[in-house]
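**Student:** need a 3D model of the sequence below.
(one chain, ligands or ions: 3)
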Amino acid sequence: MTTTPGTASATSVEDEFPRAITLLDTARTVSVLCHVQPDADTIGSGLALAIVLQRRGVAVEVSFGSPDDLPESMNELPGRDLLVPAADVRVGVDLVVSVDAGSRGRLGALADRMDAADASLVIDHHRSNTRFGTLNVVDDAAESTTAVIARLFDAWGVEIDASIAHCLFAGLVTDTGSFRWVRPGSHRLAERLLETGIDGAAIARKLLDTHPFGWLPMLGSVLGSARLVGDAVGGLGLVYAAILRSDSEGLRSEEIESVIDIVRTTSEAEVAAVLKQQPGDEWTVSLRSKTVVDVSVVATTLGGGGHRNAAGFTAHGSKDDVVAALIDALG
Ligand code: AMP
Ligand code: MN
Ligand code: MN
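**Tutor:** Ligands and ions are numbered 1, 2, ... in the order given. Below you'll find the model as predicted:
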């Protein structure tokens, strides 16, 4: 994923493990917070950590700010009984742990729980991470937050059994795009997790390869209206598509989030964008780049964040306004 698979970054994050472990070892009450519109990396990280804490006798809960329900594709993840509605997350616990969130804002309605705790621990892999915890374990060279958590577990002496492995594999397989963007060690971790007896094929199918029939006509409509702007991004090209609320009626977030993975394959464009219409005049926008463009910088400029090749932001206005602002920011 990075051109210099970072010894510097890997070394410094490992240096933070002892202090993180001390926090985790001494807390009696812990809230684990996942990012809004949760994906399998944030939920897999949160549940794996919560399973470990619960086994150690800690009063632990996991939550995310929005939406109300866990995406259906994640409803077989072990530890999901530790999930509580956002409104029920206790205020003033010993420790809050944020997993896979690059900034405070990504915690949505739960951001205030960070301030109310005695200590806050941020575990993440976003290049744009703002270090918003009292302790920050951030490795922007890591392929997933679950990969950082696996290393933390090793340092902590936690045995990774099949339940924990299932959660960690969920984040690893999704954030690596089914092991397409990997680095040295990614497959070694996958091998370790699979050796616990988990069914990797079934986990991947449930998370990534299962859609209702209505997904097909939605793709037909959305992809049919995609646009290629060859002279955008200094001539490197932008391809974009918009998912209107009318396109996605009755479909799940899984169907909506799948579209960018098709749009981004367009060979004539370095950057791909999918605009997802929200209630009111709001749009959430997914950005992907192939090689030279750092979309996390562009997304940060527009109020969002992310990784070098995958980022996002939220915008307001008409579709044309959002596209114009994006083209402008892409230069
Ligand atoms: P997505 O396109 O939603 O899959 O997001 C791609 C990457 O960008 C993920 O790592 C997200 O955490 C990050 N991201 C997406 N939307 C936002 C946002 N509004 N603010 C900050 N980061 C975002
Ligand atoms: Mn995520
Ligand atoms: Mn992630």
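**Student:** okay, CA-based contacts and neighbour counts for the rest of this
**Tutor:** Will do.
**Student:** and for the helix or strand harbouring Leu326, what are the contacting residues?
**Tutor:** Assigned by DSSP states H and E, Leu326 belongs to helix 319-330. The contact list for helix 319-330 (CA atoms under 8 Å, 6 or more residues apart in numbering) reads Ala232, Val233, Gly234, Ala242, Leu275, Val298, Thr301, Leu302, Ala315, His316.
**Student:** and the strands in this structure, which stretches?
**Tutor:** 29-34, 59-64, 95-99, 119-124, 135-138, 227-229, 238-243, 271-277, 282-289, 305-306, 310-316 (DSSP state E).
**Student:** pipe those into TSV and attach mean pLDDT, mean neighbour count and distance to Ile164 per row.
**Tutor:** Output for the strands of the chain, formatted as TSV (pLDDT from 0 to 100; neighbours: other CA atoms under 10 Å; distance: least, CA to CA, whole Å):
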stretch	mean pLDDT	mean neighbour count	distance to Ile164
strand 29-34	98	27	15
strand 59-64	98	26	15
strand 95-99	98	28	15
strand 119-124	98	26	17
strand 135-138	98	23	20
strand 227-229	98	15	42
strand 238-243	98	23	35
strand 271-277	98	25	33
strand 282-289	98	22	29
strand 305-306	94	28	26
strand 310-316	97	21	26
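**Student:** I'd like those as a markdown table, with distance to Leu330 appended.
**Tutor:** Listed next are these as a markdown table, based on distance: least, CA to CA, whole Å:
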| stretch | distance to Leu330 |
| --- | --- |
| strand 29-34 | 29 |
| strand 59-64 | 31 |
| strand 95-99 | 29 |
| strand 119-124 | 26 |
| strand 135-138 | 27 |
| strand 227-229 | 12 |
| strand 238-243 | 9 |
| strand 271-277 | 9 |
| strand 282-289 | 11 |
| strand 305-306 | 14 |
| strand 310-316 | 13 |
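**Student:** columns distance to ligand 1 on top of these, output as JSON lines?
**Tutor:** Formatted as JSON lines, these follow (distance: least, CA to the nearest ligand atom, whole Å):
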{"stretch": "strand 29-34", "distance to ligand 1": "11"}
{"stretch": "strand 59-64", "distance to ligand 1": "13"}
{"stretch": "strand 95-99", "distance to ligand 1": "11"}
{"stretch": "strand 119-124", "distance to ligand 1": "10"}
{"stretch": "strand 135-138", "distance to ligand 1": "13"}
{"stretch": "strand 227-229", "distance to ligand 1": "18"}
{"stretch": "strand 238-243", "distance to ligand 1": "13"}
{"stretch": "strand 271-277", "distance to ligand 1": "8"}
{"stretch": "strand 282-289", "distance to ligand 1": "4"}
{"stretch": "strand 305-306", "distance to ligand 1": "4"}
{"stretch": "strand 310-316", "distance to ligand 1": "3"}
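**Student:** mind checking which of the ones you listed is nearest ligand 3?
**Tutor:** strand 119-124 (7.3 Å; CA to the ion).
**Student:** which strands and helices sit next to that closest one?
**Tutor:** strand 95-99, strand 135-138, helix 145-156 (3 or more CA pairs under 8 Å, 6 or more residues apart in numbering; DSSP states H and E).
**Student:** please parse the protein into its domains.
**Tutor:** 10-208, 215-330 (automatic domain parsing).
**Student:** deepest-packed of those, please.
**Tutor:** Comparing those by mean neighbour count (mean count of other CA atoms under 10 Å), domain 10-208 comes out on top with a mean of 20.
**Student:** follow-up on the earlier one: of the contacts of helix 319-330, which is the nearest to Gly214?
**Tutor:** Ala242 (17.1 Å; CA to CA).
**Student:** got a list of what Val158 touches?
**Tutor:** Per CA under 8 Å, 6+ apart, neighbours of Val158: Val52.
**Student:** ok, it to ligand 3 distance?
**Tutor:** From Val158 across to ligand 3, the span is 22 Å (CA to the ion, to the nearest Å).
**Student:** likewise Leu236?
**Tutor:** For Leu236 relative to ligand 3 (CA to the ion), the value is 27 Å.
**Student:** report pLDDT for the nearest residue to Asp231 once chain neighbours are set aside.
**Tutor:** Leaving aside its sequence neighbours, Asp231 sits nearest to Gly237 (CA to CA, 6 or more residues apart in numbering; 5.6 Å). Predicted confidence (pLDDT) for Gly237: 98.
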